[in-house]
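Undergrad: here are the coordinates; sequence isn't available:
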């Protein structure tokens with residue numbers, strides 16, 4: 001039993017293990033870090049035979065994991081994870097981090113996506129309902145307005161519950177919502193969230209020309225996507241950098257200076273103020289020890305940073321670029337200086 005008088009004792013854990021839930025098509029996870037790991041992590045609680053989540057089973061197992069961590073027992077699924085840290089964790093359980101990936105249907109077919117080679121099958125998988133759970137635990141104050149929420153997929157806008165869930169969160173005063181979208185289908189709920197300054201919308205065109213867009217996305221939706229980007233940019237209220245356009249560097253596909261320039265020019269033309277620079281994760285896993293290839297990627301990253309600054313855009317790095325820099329390449333990254 002947990003010692004009341006030692007409730008403030010520091011121990012190793014993380015925000016997601018303590019307070020997180022990830023709704024995944026395989027079941028319920030503590031977090032989504034397994035996607036960035038070499039481990040084939042299993043759900044904390046598996047999806048039921050009729051495609052439903054067992055929330056009671058998950059919450060019971062999460063509480064057991066939290067007790068183990070308080071005792072200093074690092075579970076196998078978390079060993080070696082770089083987000084673990086030692087601090088005083090609040091014993092009271094609330095869901096403060098929520099990742100929602102409850103559908104695999106998508107209106108794009110990105111060549112780097114795990115669904116690319118079997119798109120028809122993934123597009124036929126039914127969505128898993130969670131609205132009732134979210135509404136219930138908001139009422140119980142287990143999910144509170146300071147919870148950070150992120151939607152993924154699949155394409156979340158195609159999820160039949162998406163508009164309903166997002167509107168609920170906005171109406172309940174949630175302030176930190178992140179949506180990853182293809183941008184192909186316009187969402188009035190996202191528009192409302194942008195107008196209320198509570199939604200960080202991430203769209204990944206990965207290109208600034210119709211030809212390259214089709215090569216990467218395998219759908220003829222370039223004009224539709226960029227027209228919606230302009231509408232979302234115009235919907236922003238006080239915070240003009242809530243819309244982020246992501247450029248995932250795909251070596252030998254969109255890795256030239258001209259490709260990057262076309263993307264940033266199109267972003268500026270669309271009144272977008274912030275770009276995200278990333279690197280295709282599987283490529284990095286396979287080439288992380290190749291300094292020459294990593295150098296070429298970093299040179300393109302530095303060019304994009306410089307060209308964005310020149311055009312009045314801000315920028316940031318997404319996880320794989322951050323991982324590459326932290327993975328022994330700090331000095332290399334810092335040594336590359338490119339001014340446009």
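TA: Thanks, I have it. A quick note: this is a predicted structure, and the numbers were derived from the prediction, not measured. Numbers count the residues shown, from 1 in each chain.
Undergrad: now stretch 321-340: mean pLDDT?
TA: For stretch 321-340, mean pLDDT rounds to 93.
Undergrad: repeat for stretch 179-198
TA: 97.
Undergrad: list the buried residues of it.
TA: 179-184, 187, 189-194, 196, 198 (16 or more other Cβ atoms under 10 Å). Yep, even glycine has a C-beta here, placed from its N, CA and C like the rest.
Undergrad: same question, stretch 100-114
TA: Quick answer for stretch 100-114 (16+ other Cβ under 10 Å): 100-110, 113.
Undergrad: ok, residue 44 - contacts?
TA: Going by Cβ atoms under 8 Å, 6 or more residues apart in numbering, residue 44 touches 27-30, 58, 61-62, 65.
Undergrad: that older thread, report the two of the buried residues of stretch 100-114 separated the most.
TA: Based on Cβ to Cβ, the longest span within the buried residues of stretch 100-114 runs between 100 and 109 and measures 21.6 Å.
Undergrad: the lengthiest helix in the chain packs against which elements?
TA: When the chain is parsed with DSSP state H, its longest helix is helix 291-310. Helix 291-310 makes packing contacts with strand 243-249, helix 257-269, strand 274-279, strand 314-317, helix 319-326, helix 330-335 when contacts are defined by 3 or more Cβ pairs under 8 Å, 6 or more residues apart in numbering; DSSP states H and E.
Undergrad: which other residues reach the fifth one?
TA: Pointing back at helix 319-326 there. Contacts of helix 319-326 (Cβ under 8 Å, 6+ apart): 36, 277-281, 284, 288, 294, 297-298, 301, 317, 333.
Undergrad: if any of these are buried, put those into a PyMOL selection.
TA: Entered in PyMOL, the line below selects the buried ones among those, by 16+ other Cβ under 10 Å:
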select buried, resi 277+278+279+280+281+284+288+294+297+298+301+317+333
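Undergrad: still on that earlier bit, which one of the buried residues of stretch 179-198 is nearest residue 22?
TA: Nearest to residue 22 among those is residue 180, at 13.7 Å by Cβ to Cβ.
Undergrad: is it correct that the closest one falls within a helix?
TA: No. Under DSSP: H, G, I helix; E, B strand; the rest coil, residue 180 falls outside any helix and is assigned strand.
Undergrad: and it, how far is that from residue 210?
TA: Applying Cβ to Cβ, to the nearest Å, the value for residue 180 to residue 210 is 22 Å.
Undergrad: strands along the stretch 51-200 of the chain, start to end?
TA: Assigned by DSSP state E, counting those that start in this stretch, the strands in the stretch 51-200 of the chain fall at 85-87, 95-100, 143-151, 176-181, 199-203.
Undergrad: from the chain's centroid, how far away is the fourth one?
TA: A distance of 8 Å separates the C-alpha centroid of strand 176-181 from that of its chain, computed with Cα atoms, centre = their mean, to the nearest Å.
Undergrad: what do you get for the first one?
TA: Between the centre of strand 85-87 and the centre of its chain there are 24 Å (Cα atoms, centre = their mean).
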